[in-house]
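**Student:** Sequence first, then the predicted structure:
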Amino acid sequence: QIGELNCWMPLTDYNLTQTTLWVESEPDRGDYEPLDISYGQIGIFHGTLCRHHVPQNSSDFTRVSMDFRIGLGEYFDPSWQ
């Protein structure tokens, strides 16, 4: 929903997989840029409105990440489905 932010944290070193999350700068812009974050850092973006993806991992290493969402107080809609 619009009242939440996406948080994404890579648990694999980018230098091993050369793969990271790509996110639009604004909704429907199509100007994907890679998140420049390292192992253990957290990237925060508006994933409900901004499209995002991770390119195929063609390395010999498994890419592992964790993601979660945060509802922002007055913007959070508990009745959203």
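**Tutor:** Noted; the coordinates are in hand.

**Student:** helix/strand/coil for residue 66?
**Tutor:** strand (DSSP: H, G, I helix; E, B strand; the rest coil).

**Student:** residues near the residue nearest to it when sequence neighbours are not counted, how many?
**Tutor:** Nearest residue to residue 66, sequence neighbours excluded (C-beta to C-beta, 6 or more residues apart in numbering): residue 9, at 4.9 Å. To be clear about C-beta, it is placed using only N, CA and C from the backbone, and glycine gets the same treatment. By the measure other C-beta atoms under 10 Å, the count of residues near residue 9 is 17.

**Student:** same check, this time on residue 36
**Tutor:** 9.

**Student:** All the strands of the chain, in order from the start?
**Tutor:** Assigned by DSSP state E, the chain shows strands spanning 4-10, 22-23, 33-34, 43-45, 52-53, 65-71.

**Student:** Need these in JSON lines (columns: distance to residue 77 and mean pLDDT).
**Tutor:** Formatted as JSON lines, the strands of the chain follow (distance: least, C-beta to C-beta, whole Å; pLDDT from 0 to 100):
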{"stretch": "strand 4-10", "distance to residue 77": "9", "mean pLDDT": "94"}
{"stretch": "strand 22-23", "distance to residue 77": "23", "mean pLDDT": "96"}
{"stretch": "strand 33-34", "distance to residue 77": "29", "mean pLDDT": "95"}
{"stretch": "strand 43-45", "distance to residue 77": "19", "mean pLDDT": "95"}
{"stretch": "strand 52-53", "distance to residue 77": "21", "mean pLDDT": "96"}
{"stretch": "strand 65-71", "distance to residue 77": "9", "mean pLDDT": "92"}
